[in-house]
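In: attaching a predicted model along with its sequence, questions to come.
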Amino acid sequence: MRVILSGGGTGGHIYPALALSEAVLHHEPDSEFLYVGSERGVEANIVPKTGMPFKQLVVQGFKRSLSFENIKTIRLFLKAVKQAKKIIREFQPDVVVGTGGYVSGAVVYAAQQLHIPTVIHEQNSVAGVTNKFLSRGATRVGIAFEMAKHEFPKGKVVLVGNPRAQQVANIKSHFSWRTLSLRDDRQTLLIFGGSQGAPAINLAVLEAIPHFNQQTYQVVIVTGPKRYQNMLDLLTEKQIELSDNVRILPYIDNMPEVLSETSAIVSRAGATSIAEITALGIPSILIPSPYVTGDHQTKNAQSLVDAGAALMIKEPDLSGIKLAEASDKLLLNQDFGDVMAAQSAKIGMPDAGDRLYALLLDAVADKAE
Ligand SMILES: CC(=O)N[C@H]1[C@@H](OP(=O)(O)OP(=O)(O)OC[C@H]2O[C@@H](n3ccc(=O)[nH]c3=O)[C@H](O)[C@@H]2O)O[C@H](CO)[C@@H](O)[C@@H]1O
């Protein structure tokens, strides 16, 4: 199968597309892929590292208020559609897949105009603007939350889950905490604020470090690439020392491997993070970002809390003490952590990659009819 993948702007859109390619390759090992991303998006850094061919377009998002910038956005969009058509004609895909973000708007729209089968994947419980726009012309729509169904045209929506879930569930991890000078015989709490990092989480973590320093479990704090230096500066300014069970990193590139060796998680409630956490049945403390469309991260987190699969701390209530208490609850109260892990695993959809692959086949077959 020849597949063009497009999704960008944030890890939550990019990793599912890459995970889908693994599922496709599992079924059709001679498949070929081309990833089309935006020049300025993080995909320009993430995708080439995987070895997948990568092409770039110049796009930007709409401003919510009326502005001259939006005229430039439309001009860039039309130019990107033209370039995308050229790329599609050259690559001759069987199907074009969009996983969200502005760039997928141009690529999938171009494919629709060229009458190539298109599949969009919506990771969230609340549909993104680009996916809604594309859904009218899409051949199939894969969703990860039943709740999102009513936002798309009937007849083409299928609940598939998030392919990243299957990737993390199936990985044979060779990761050892010793690579970070930590121990493999201890429980490990991993803290990260989505793919970009979250200042509010970093600040609460800073307050909690003196507590973490005293624990029998170890703690790995991921700040987000752009917030790492600031975190180190704050540690120096506040004269906070790290003991040998606590580490701070800017970003983790090999998250699927690391997650499979993780005992508990503190994180934002982005859809892809949640898919990973539940695929592995990891107990978690979710701190939803209040700055996203329709407050969808709170809805994502609430669905886990309702199932007894996670604890939630809302950002206005977040503090070092709250974080330390909740972390101890998951890691030091064995029964509590075990029950939560089992509930989390019940929600996971570890065959999501295969389900989305089946949707691609459907879309291609539709065209052939
Ligand atoms: C602020 C914002 O708009 N967030 C959205 C964005 O979040 P964001 O990009 O943070 O999305 P997610 O939490 O869904 O996914 C983060 C991804 O980055 C990976 N990761 C994270 C840290 C790290 O060091 N290394 C690493 O690989 C995680 O394993 C995961 O695969 O897209 C999601 C999916 O559309 C939405 O639900 C989120 O609401």
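Out: Yes, it's here.
In: okay, whichever residue of the stretch 101-250 of the chain sits closest to the ligand: pLDDT?
Out: Residue nearest to the ligand within the stretch 101-250 of the chain (CB to the nearest ligand atom): Gly194, separated by 2.4 Å. The way it works is simple: take the backbone N, C-alpha and C, and place the C-beta from them, glycine included. In this prediction, Gly194 carries a pLDDT score of 95.
In: dump the residue contacts of the nearest residue to it once chain neighbours are set aside.
Out: Among residues not flanking Gly194 along the chain, Arg268 sits closest, at 4.0 Å (CB to CB, 6 or more residues apart in numbering). Arg268 makes contact with 192-194, 198, 201, 286-289, 297, according to CB atoms under 8 Å, 6 or more residues apart in numbering.
In: now these in CSV, with neighbour count and secondary structure?
Out: Below are the contacts of Arg268 laid out as CSV (neighbours: other CB atoms under 10 Å; DSSP: H, G, I helix; E, B strand; the rest coil):
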residue, neighbour count, secondary structure
Phe192, 24, strand
Gly193, 24, coil
Gly194, 22, coil
Ala198, 23, coil
Ile201, 27, helix
Leu286, 26, strand
Ile287, 29, coil
Pro288, 22, coil
Ser289, 21, coil
Gln297, 28, helix
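In: need those in TSV (columns: distance to Ala84).
Out: Below are these laid out as TSV (distance: CB to CB, whole Å):
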residue	distance to Ala84
Phe192	32
Gly193	32
Gly194	28
Ala198	32
Ile201	36
Leu286	36
Ile287	37
Pro288	34
Ser289	30
Gln297	30
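In: still on that earlier bit, for the residue nearest to Gly194, give its distance to Gly161.
Out: Distance from Arg268 to Gly161, counting by CB to CB, to the nearest Å: 19 Å.
In: still on that earlier bit, how near is the residue of the stretch 101-250 of the chain closest to the ligand to Gly142?
Out: The value you get for Gly194 to Gly142, if CB to CB is used, is 21 Å.
In: and the pLDDT for the residue nearest to Gly194?
Out: pLDDT, Arg268: 98.
In: any idea how far it is from Gly193?
Out: Counting by CB to CB, the gap from Arg268 to Gly193 is 5 Å.
In: how about the helices in this structure?
Out: For the chain, the helices defined by DSSP state H cover 11-27, 43-50, 69-91, 102-113, 129-135, 163-170, 199-212, 228-237, 255-259, 271-280, 296-306, 320-332, 334-347, 352-368.
In: relative to Val119, which of those helices is closest?
Out: For Val119, the closest of the helices of the chain is helix 352-368, at 5.0 Å, according to CB to CB.
In: what are the buried residues along that closest one?
Out: 352-364 (16 or more other CB atoms under 10 Å).
In: distance to Ser21 and pLDDT added to the residues you listed, as TSV?
Out: TSV is the format used below for the buried residues of helix 352-368 (distance: CB to CB, whole Å; pLDDT from 0 to 100):
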residue	distance to Ser21	pLDDT
Ala352	14	98
Gly353	9	98
Asp354	13	98
Arg355	15	98
Leu356	11	98
Tyr357	10	98
Ala358	15	98
Leu359	14	98
Leu360	11	98
Leu361	15	98
Asp362	18	97
Ala363	16	97
Val364	16	97
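In: near the ligand, which residues of the chain?
Out: Contacts of the chain with the ligand, taken as CB under 6 Å from any ligand atom, map to 10-13, 15, 100, 123-124, 164, 192, 194-196, 222, 251-252, 255, 268, 270-273, 276, 289, 292, 297.
In: for the ligand, what is the nearest residue in the stretch 151-300 of the chain?
Out: Gly270 (2.0 Å).
In: how near is that residue to Asp184?
Out: Using CB to CB, Gly270 is found at 28 Å from Asp184.
In: same question, Asp295
Out: According to CB to CB, Asp295 stands 39 Å off from Asp184.
In: comparing the two, which residue is more hemmed in?
Out: A direct count of neighbours by other CB atoms under 10 Å for Asp295 and Asp184 places Asp295 higher, at 14 against 11.
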